[in-house]
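Novice: Okay, predicted coordinates and the sequence, questions at the end:
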There are 2 protein chains.
Amino acid sequence: MAEFAIGVDLGATKIEAALIDRAGSLLDLARVPTDHEDGAEIVMVRVIACIDQLMDQVDEDEIAGIGVGTPGVIDIRNGTVVIAGNLGWRNLPMRRVIAGLLGAVSWERRVWLDNDTNVAVLGEFYYGAGQNARHMLYVTIGTGVGSGMILDGRLYRGATGGAGEIGHIVLDPEGRHCSCGRRGCLETLISGPSIVYQARALLERGMPSSLDHTALDSLSAIDVVSAAQTGDWLARSVLENAGVYLGMVLAHYIEINNPELIIVGGGVGAAAGELMLASAREVIEARTFPSHFEAMRITLPALGGSSGAMGAAALVWYEMGILPDRLTEE
Amino acid sequence: MAEFAIGVDLGATKIEAALIDRAGSLLDLARVPTDHEDGAEIVMVRVIACIDQLMDQVDEDEIAGIGVGTPGVIDIRNGTVVIAGNLGWRNLPMRRVIAGLLGAVSWERRVWLDNDTNVAVLGEFYYGAGQNARHMLYVTIGTGVGSGMILDGRLYRGATGGAGEIGHIVLDPEGRHCSCGRRGCLETLISGPSIVYQARALLERGMPSSLDHTALDSLSAIDVVSAAQTGDWLARSVLENAGVYLGMVLAHYIEINNPELIIVGGGVGAAAGELMLASAREVIEARTFPSHFEAMRITLPALGGSSGAMGAAALVWYEMGILPDRLTEE
């Protein structure tokens, strides 16, 4: 049986592709900028260039397949990107395009697409912090807030592929407008832009802080995290407050799905780490059954920068029905 | 292959057992009072009497197994009732007891236990309103509030068997005390006793109503439902209000698990019906993605009074790996 898989992490800023074996060992990595302003076709050509580079490392018939993780709404059955707002794509038949550029129709049966949160949870499930878990949630906190779910050892997508939309759980119906058209979604309270909004609001009121009051327009969520790490009170309280809201939603999740593991990642989530998770844990403990709370761990992702590409490669194993060894051995 | 299953619905007031075939046709039904004050052993003897009556209808080797649905926390692997507060039981090895009373150790491999909400969702999934669903939630509203979940065509129990505890999602941390020790859980807002509490509070303030202001101590949730059905404003507003809280929690559920079907049952839920569901639906529509809302239906249970026993029989098929025909044919 083919022993290698290629995973492609197609992000708004960079394309990263990894060649891994079943055990998750990384054989080679390719990385290029996305420059999606150049158009979908040029981006696809860049994806193929990355794949070609990795294919040179092993015999083609040793490659089980190619997995692609991409933001947006994905039709996994047809292998199309239905809509990817950040990239400006709509109804892109990515599987067919990739197989076509690889020059063999037979690749169509070996290319799988899924969205970035599903790929992320698969990566941690096969090769990261979730290697001993059957019931886990991967939360990503960045520009947006989303999640991917493994339930009973399987990726859970829901009736219409919309499972895990925790970023759009409404916490405050009178709250700030959300990109989804409603108000007070979790995303309006803990995403990167929301953290910046809250820090700026406090700075504008003249609260003391090591953050630069005169450069509010260029303030980023990572600036807030960095200030918090050096003990800045304003920055710490903004992140702590975000953790409280995160905890409220995770408490609901835990009462409903009784997971054993929650991983909080994404650019902002992974950077903030315990600055956000400590207050989240407190809220969760107060709002869940003790038996649910004690059965559950909240942690950061274990995979480093290549987690998206490794997760996309894990999608190949998953779609072929090859679960992590620990589950097939049961 | 054995073509019949026996299901036992072991409730706090009555024991009901059904003999059904694979298609869900009811061959015979047995029913006796539980009288659990007589002690667990006597109750078990009554269960066996019901089973014996049904076994007389067909050859014993045509019976695939016996399923039992019971309230409380169940250790499904060992077939024990860990704790069932209403019945006063703790660590009752029910599977062993039933097999012993049936006089053959071999029955141990053919007796399955699960809690009443899991059995209820299985019954509707195999034979009721969920016959076309793969992703469904069954909510029971009675003395307590609980739920059972089918995800991707399989019963979902969670990491420690505690999935579906929607009754203990905290909506109002400053709210009324809950039996679980916390405050403001959904159960304190929509259960039968909570509905009575709210109706009494309004009656005590002298609000006009067709309900008897002089018999507040004997007021039941079903009295409130009956009054609402005749148009009583106070009763209607209590149920409508309960629907709003139910809708808030279901909106969270929908954003997380993206179901195609939600069934609201239980003594109070099934009786109140649209008096509660209409306001729930409004809240859900306002608080979920349109694509999630449109993919989903909320309805009442389709199985009548024998739903618990039929669901317990469905547990036999489920545990034997026999899914509804529509799923195995895929």
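Specialist: Ah, there it is.

Novice: Need the three-state assignment for the residue lying farthest from the centre of chain A.
Specialist: Here the centre of chain A is the reference, and by C-alpha atoms, centre = their mean the most remote residue is residue A:206, at 35.2 Å. Here residue A:206 is recorded as coil under DSSP: H, G, I helix; E, B strand; the rest coil.

Novice: Mind jotting down where the strands sit in the stretch 1-150 of chain A?
Specialist: Shown for the stretch 1-150 of chain A, the strands assigned by DSSP state E, counting those that start in this stretch span residues A:4-10, A:14-21, A:26-33, A:63-70, A:73-75, A:80-84, A:89-92, A:111-115, A:136-141, A:145-151.

Novice: Make TSV from those strands and add mean pLDDT to it.
Specialist: Below are the strands of the stretch 1-150 of chain A laid out as TSV (pLDDT from 0 to 100):
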stretch	mean pLDDT
strand A:4-10	97
strand A:14-21	96
strand A:26-33	95
strand A:63-70	96
strand A:73-75	90
strand A:80-84	91
strand A:89-92	93
strand A:111-115	96
strand A:136-141	97
strand A:145-151	97
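
Novice: do you know which of these lies nearest chain B?
Specialist: Among the strands of the stretch 1-150 of chain A, strand A:145-151 comes nearest to chain B, with 5.9 Å by C-beta to the nearest C-beta. To be clear about C-beta, it is placed using only N, CA and C from the backbone, and glycine gets the same treatment.

Novice: thinking again about what came up before, for the nearest residue to the residue farthest from the centre of chain A once chain neighbours are set aside, grab phi and psi.
Specialist: Distances taken as C-beta to C-beta, 6 or more residues apart in numbering or on different chains place residue A:213 nearest to residue A:206, at 7.9 Å, with adjacent residues excluded. Main-chain torsions, residue A:213, degrees, to the nearest 10: phi -70, psi -20.

Novice: Count the neighbours of residue A:213 for me.
Specialist: Using other C-beta atoms under 10 Å in any protein chain shown, residue A:213 has 13 neighbouring residues.

Novice: these two touch, right, it and residue A:202?
Specialist: No. In this structure, residue A:213 is not within contact of residue A:202 by C-beta atoms under 8 Å, at 10.3 Å.

Novice: Tell me who's in contact with residue A:4.
Specialist: Residues near residue A:4 by C-beta atoms under 8 Å, 6 or more residues apart in numbering or on different chains: A:19-21, A:27, A:58, A:62-64.

Novice: so can I have JSON lines of those showing neighbour count and distance to chain B?
Specialist: Below are the contacts of residue A:4 laid out as JSON lines (neighbours: other C-beta atoms under 10 Å in any protein chain shown; distance: C-beta to the nearest C-beta, whole Å):
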{"residue": "A:19", "neighbour count": "25", "distance to chain B": "31"}
{"residue": "A:20", "neighbour count": "27", "distance to chain B": "27"}
{"residue": "A:21", "neighbour count": "14", "distance to chain B": "29"}
{"residue": "A:27", "neighbour count": "13", "distance to chain B": "33"}
{"residue": "A:58", "neighbour count": "17", "distance to chain B": "34"}
{"residue": "A:62", "neighbour count": "13", "distance to chain B": "32"}
{"residue": "A:63", "neighbour count": "21", "distance to chain B": "29"}
{"residue": "A:64", "neighbour count": "20", "distance to chain B": "24"}
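
Novice: Sketch out the low-pLDDT regions of the stretch 51-200 of chain A for me.
Specialist: Within the stretch 51-200 of chain A, not a single segment meets pLDDT under 70.

Novice: Spell out which parts of it neighbour chain B.
Specialist: Residues of the stretch 51-200 of chain A found near chain B (C-beta under 8 Å from any C-beta of the partner chain) are A:134-135, A:151-152, A:154, A:156-166, A:168-170, A:173, A:180, A:182.

Novice: of the residues you listed, buried ones?
Specialist: Buried subset of those (neighbour count, 16 or more other C-beta atoms under 10 Å in any protein chain shown): A:134-135, A:151-152, A:154, A:156-166, A:168-170, A:180, A:182.

Novice: Please narrow the residues of the stretch 51-200 of chain A next to chain B to those residing in strands.
Specialist: The strands, defined by DSSP state E, take in A:151, A:154 from these.

Novice: what's the nearest residue to residue A:145 if we skip its chain neighbours?
Specialist: Leaving out its chain neighbours, the residue that sits closest to residue A:145 by C-beta to C-beta, 6+ apart is residue A:167, at 3.2 Å.

Novice: Contacts only, for the one you found.
Specialist: A:144-147, A:185-187, A:191.

Novice: From these, pick the one nearest residue B:247.
Specialist: residue A:185 (16.4 Å; C-beta to C-beta).

Novice: Please verify my assumption that that closest one contacts residue A:178.
Specialist: Yes. Residue A:185 lies in contact with residue A:178 (C-beta under 8 Å); the separation is 4.2 Å.

Novice: any idea how far residue A:136 is from residue B:159?
Specialist: Distance, residue A:136 to residue B:159, using C-beta to C-beta, to the nearest Å: 9 Å.

Novice: shared neighbours, the two?
Specialist: A:259-260.

Novice: Count the residues that sit near the spatially closest residue to residue A:166 that is not a sequence neighbour.
Specialist: In space, residue A:166 comes closest to residue A:147 once its chain neighbours are excluded; the distance is 4.9 Å by C-beta to C-beta, 6+ apart. Using other C-beta under 10 Å, residue A:147 has 27 neighbouring residues.

Novice: show me the contacts for residue A:147.
Specialist: By C-beta under 8 Å, 6+ apart, the neighbours of residue A:147 are A:117, A:121, A:137-140, A:164-167.

Novice: pLDDT wise, what is residue A:325 at?
Specialist: pLDDT for residue A:325: 78.

Novice: How about residue A:1?
Specialist: Taking residue A:1 on its own, its pLDDT is 68.

Novice: What of residue A:306?
Specialist: 83.

Novice: can you pull the contacts of residue A:296?
Specialist: Here residue A:296 is in contact with A:254, A:259-262, B:159 (criterion: C-beta under 8 Å, 6+ apart).

Novice: Pick the one among those closest to residue A:42.
Specialist: residue A:262 (38.1 Å).

Novice: Give me the distance between that closest one and chain B.
Specialist: 11 Å (C-beta to the nearest C-beta, to the nearest Å).

Novice: what about that residue, which SS state?
Specialist: strand.

Novice: Quick one: neighbours of it, just the number.
Specialist: By the criterion of other C-beta under 10 Å, residue A:262 has 26 neighbours.

Novice: right, is the longest helix seen in chain A up against chain B?
Specialist: Criterion DSSP state H: the longest helix present in chain A is helix A:233-257. Yes. Applying C-beta under 8 Å from any C-beta, one finds helix A:233-257 touching chain B at A:249, A:251-253, A:255-257.

Novice: Narrow those to just the buried residues.
Specialist: The buried subset of these - by 16+ other C-beta under 10 Å - is A:249, A:251-253, A:255-257.

Novice: Need these in TSV (columns: distance to residue B:102 and pLDDT).
Specialist: Listed next are those as TSV, based on distance: C-beta to C-beta, whole Å; pLDDT from 0 to 100:
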residue	distance to residue B:102	pLDDT
A:249	48	98
A:251	44	97
A:252	43	97
A:253	42	98
A:255	37	97
A:256	37	98
A:257	36	98
